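# Have a look; sequence and predicted model below, questions after that.
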Amino acid sequence: MAYNNSRNPLRALQKKIDNNILIRLKDGTEYKGKLKEYDNFMNVILTDASEFNKEKEETNKFEEIFVRGNNVLFIIPDAE
Amino acid sequence: MAYNNSRNPLRALQKKIDNNILIRLKDGTEYKGKLKEYDNFMNVILTDASEFNKEKEETNKFEEIFVRGNNVLFIIPDAE
Amino acid sequence: MAYNNSRNPLRALQKKIDNNILIRLKDGTEYKGKLKEYDNFMNVILTDASEFNKEKEETNKFEEIFVRGNNVLFIIPDAE
Amino acid sequence: MAYNNSRNPLRALQKKIDNNILIRLKDGTEYKGKLKEYDNFMNVILTDASEFNKEKEETNKFEEIFVRGNNVLFIIPDAE
Amino acid sequence: MAYNNSRNPLRALQKKIDNNILIRLKDGTEYKGKLKEYDNFMNVILTDASEFNKEKEETNKFEEIFVRGNNVLFIIPDAE
Amino acid sequence: MAYNNSRNPLRALQKKIDNNILIRLKDGTEYKGKLKEYDNFMNVILTDASEFNKEKEETNKFEEIFVRGNNVLFIIPDAE
Amino acid sequence: MAYNNSRNPLRALQKKIDNNILIRLKDGTEYKGKLKEYDNFMNVILTDASEFNKEKEETNKFEEIFVRGNNVLFIIPDAE
């Protein structure tokens, strides 16, 4: 693995564009949808997105949602 | 999708100017109104805005409201 | 609307100088007064200001108050 | 009012040097004393200062106190 | 030990690439997996990762997980 | 008072080097000791330091302690 | 004491490399071990480290641990 790669994990999201990803926020809420855009602050736009509460129940659907990066706990790049 | 696009999700809000958007804050409060202006910190000005509590009850109306970006949880760019 | 405008909502406060505005802080406290000065961090100086608690009761009056920007939740630029 | 003034509210504190000001912190504690020095982060040095709890009871006196800016909620520039 | 080394602990993670590491978040959750990439903000990508709750019970498995650095409490570079 | 002075309260600590100061942290804990070094982030090294809990009981003694600036609530430059 | 020294307390850790230090985090957890590396954000690598809970009971041992600086409350440079 090249040194540069190991210093830029965000670039790894580039190849997930148009794939389904899952975002868990610090408060436990999760958003699953197609990754449309993102930036270095982990601001992310998802399309065809679903919102899940801590009990993993679907609580909402959004055609498009813009999630602010500073609330993100983790991202699962390959969500089924 | 161009690489540059995928690195600047905030630019995607540009085409939503004058559209209705919905902003959810970290505390669960929501603001729905016409997007008038925004910046890279997600500071947003809405006009003809309504405030909703966590129970989705409308609690206030504002001709114009300036929401500070660091409180934003997510933005739904197409709110009916 | 010019592109530059849509990237600088804080500049929109410039035309509210000497108008009454309302500031809600994250803890629910509100300050209403005449906008005298502000900066890019949303630090704001109000004159002839009133403080309101969450129940919207007036709890204090200040000839001049300097509110630190990082506590601000939102600003209503036209408070009656 | 000049444009530059309206972008630098902290400069307004300059003319309060040696005056009594009141500082309320985020936790409700208040410090009243003579403004000796300050900087752009709202770090402030007061002399002949008193500390008050939320019930406005005086809880301490300090010849000199250095208050860290990031705890400040607001400053009242003219405290009697 | 060279002076430069002592000023860049993050560089020490470079030699752990492809090793199993353990990440504890501020909320006590832990993630164990193979270190794939990281950056100076401690954003980390793990593969073949497991999630553990505070009671050290495995609560989830992820082929790949992107953990946001600002939630990290500590990293154990050599997790068995 | 010179304008520059009023913009750099941290410089005022320079003349307190080797004097006893008191530091109160946001959680109410206090540290009293001889000021050895400090920087612009209010990181401070004290020697011959004592730790006090909120009830002002001495809970610990340290030959040398390095307090991280971002936890500091205030500093009393002249602690007896 | 030279002026420069008094402005860079972190440099004082340089001479503690390979010594035992103690780190207390904001949540009261403590880590004691040999200082291997550190940086200006107070990110620290300890070797032969022990973890202690608030009751000062040893709760874990780590050959090597990387503690994220922004969680640090204080560092005791000479831990026995």
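Here it is on my side, so go on.

# In chain A, which residue sits nearest chain C?
The minimum distance from chain A to chain C, using C-beta to the nearest C-beta, falls at residue A:70 (13.5 Å). Just so you know, the C-beta spots here come from the backbone N, C-alpha and C atoms, and that holds for glycine as well.

# separation between that residue and chain G?
As defined by C-beta to the nearest C-beta, to the nearest Å, residue A:70 lies at a distance of 14 Å from chain G.

# per-residue confidence at that residue?
Note for residue A:70: predicted pLDDT of 92.

# do the same with residue A:41
At residue A:41, pLDDT is 87.

# if I pick it, what's in contact with it?
Residues counted as contacts of residue A:41 (C-beta atoms under 8 Å, 6 or more residues apart in numbering or on different chains) are A:69, A:70.

# close to chain E, is stretch A:64-80?
Yes: residues of stretch A:64-80 contacting chain E under C-beta under 8 Å from any C-beta of the partner chain: A:69, A:70, A:72, A:73, A:74, A:75, A:76, A:77, A:78.

# which one of those residues sits closest to chain G?
Comparing the residues of stretch A:64-80 next to chain E against chain G with C-beta to the nearest C-beta places residue A:70 closest, at 13.5 Å.

# So that closest one: helix, strand or coil?
Three-state assignment for residue A:70 (DSSP: H, G, I helix; E, B strand; the rest coil): helix.

# What is the neighbour count of it?
18 (other C-beta atoms under 10 Å in any protein chain shown).

# quick revisit: so which of the residues of stretch A:64-80 next to chain E reach chain B?
Applying C-beta under 8 Å from any C-beta to the residues of stretch A:64-80 next to chain E, one finds that residue A:70 fall near chain B.

# what's the farthest-apart pair in the residues of stretch A:64-80 next to chain E?
A:70 and A:78 (23.7 Å; C-beta to C-beta).

# Can you turn the buried part of the residues of stretch A:64-80 next to chain E into a ChimeraX selection?
To isolate the buried ones among the residues of stretch A:64-80 next to chain E in ChimeraX, judged by 16 or more other C-beta atoms under 10 Å in any protein chain shown, type:
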select /A:69,70,72,73,74,75,76,77
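
# from the residues of stretch A:64-80 next to chain E, which is closest to residue B:13?
residue A:69 (14.5 Å).

# check contacts around the closest one.
Per C-beta under 8 Å, 6+ apart, neighbours of residue A:69: A:39, A:41, A:42, A:43, A:44, E:68.

# Need the nearest residue in space to the residue in chain A that chain D sits nearest to, chain neighbours excluded.
With C-beta to the nearest C-beta as the measure, residue A:70 is the residue of chain A nearest to chain D, at 16.9 Å. Excluding its sequence neighbours, the residue lying closest to residue A:70 (C-beta to C-beta, 6 or more residues apart in numbering or on different chains) is residue A:41, at 7.0 Å.

# same thing with residue A:19?
Residue A:19 sits nearest to residue A:35 (C-beta to C-beta, 6+ apart), 5.9 Å away.

# That neighbour reaches residue A:18, doesn't it?
Yes: using C-beta atoms under 8 Å, residue A:35 makes contact with residue A:18 at a distance of 6.8 Å.

# So which residue is dead centre in chain A?
residue A:23 (3.9 Å; C-alpha atoms, centre = their mean).

# Beta-bridge partners for it, please?
Using DSSP bridges, the bridge partners assigned to residue A:23 are residue A:31, residue A:75.

# residue contacts, residue A:72?
For residue A:72, counting by C-beta under 8 Å, 6+ apart, the contacting residues are A:23, A:24, A:25, A:26, A:42, A:44, E:68.

# could you redo the last one with a cut-off of 10 Å?
Shown in contact with residue A:72 (C-beta atoms under 10 Å, 6 or more residues apart in numbering or on different chains): A:23-26, A:31, A:41-44, E:43, E:66-68, E:70-71.

# which of those lies closest to chain F?
residue E:70 (13.5 Å).

# Would you point out the helix or strand in chain A whose mean pLDDT is lowest?
None of the helices or strands of chain A scores lower by mean pLDDT, DSSP states H and E than helix A:3-6, at a mean of 44.

# Point me to the helix or strand that includes the residue nearest to residue A:70.
Under the criterion DSSP states H and E, no helix or strand holds residue A:41.

# mind checking pLDDT for the spatially closest residue to residue A:53 that is not a sequence neighbour?
Of all residues not flanking residue A:53 in the chain, residue A:59 sits nearest, at 5.1 Å (C-beta to C-beta, 6+ apart). At residue A:59, the predicted lDDT confidence score is 94.

# where's residue A:59, which helix or strand?
strand A:58-67.

# For that strand, what is the distance to the chain centroid?
On the basis of C-alpha atoms, centre = their mean, to the nearest Å, strand A:58-67 sits 12 Å off its chain's mean C-alpha point.

# So which elements touch that strand?
strand A:20-25, strand A:30-38, strand A:44-52, strand B:20-25, strand B:72-76 (3 or more C-beta pairs under 10 Å, 6 or more residues apart in numbering or on different chains; DSSP states H and E).

# I'm done for today, thanks for sticking with me.
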